[in-house]
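[1] Below are the sequence and a predicted model; questions follow.
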Amino acid sequence: QVQLVESGGGLVQPGGSLRLSCAASGNISSIYAMGWYRQAPGKQRELVASITSGGSTHYADSVKGRFTISKDIAKNTVYLRMNSLKPEDTAVYYCNANGVRLYGEQVYKRYWGQGTQVTVSS
């Protein structure tokens with residue numbers, strides 16, 4: 001089984017910064033991509049940023065220039081550095097691992113973390 005453990009959420013004032021971390025553990029052979037989604041109350045879950053094993057990144061238009069996603073392949077860990085935070089960034093942030101292959105298996109699966117709350121408020 002695979003577990004994604006997130007950390008780094010919290011309360012921050014507008015204009016502030018936070019860094020989220022997500023570590024994937026388990027009998028993992030490879031991961032194609034990891035990313036962060038968020039869901040605000042009453043809204044659908046949306047992709048914030050993603051990064052592939054090759055280093056290609058994708059960002060939602062709303063966070064371009066403010067958020068940076070990075071990874072540590074050896075640790076199966078992904079980070080999201082969030083700068084210039086705005087109240088509209090308030091949401092539960094979920095880590096996602098896509099295209100996960102386990103040792104001894106031939107299928108690729110998708111996993112989610114439990115979510116971490118980010119609140120931007122003065």
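    Structure received. Numbers count the residues shown, from 1 in each chain.

[2] Give the residue farthest from the middle of the chain.
    What lies farthest from the middle of the chain is residue 104; by C-alpha atoms, centre = their mean that is 26.5 Å.

[3] Distance of that residue relative to residue 31?
    16 Å (C-beta to C-beta, to the nearest Å). (Each C-beta comes from the backbone N, C-alpha and C, glycine too.)

[4] Over to residue 4?
    For residue 4 relative to residue 31 (C-beta to C-beta), the value is 10 Å.

[5] Pull up the overlap in contacts between these two.
    24, 97 (C-beta atoms under 8 Å, 6 or more residues apart in numbering).

[6] Tell me who's in contact with the most centrally placed residue in the chain.
    Nearest to the mean C-alpha position of the chain, by C-alpha atoms, centre = their mean, lies residue 36 at 2.6 Å. Residues near residue 36 by C-beta under 8 Å, 6+ apart: 20, 22, 47-50, 69, 78, 80, 93-96.

[7] again, only this time at 7 Å
    20, 48, 49, 69, 80, 93, 95 (C-beta atoms under 7 Å, 6 or more residues apart in numbering).

[8] And those residues, which two are furthest apart?
    69 and 93 (11.8 Å; C-beta to C-beta).

[9] Residue 38: neighbour count?
    Look at residue 38: counted by other C-beta atoms under 10 Å, it has 23 neighbours.
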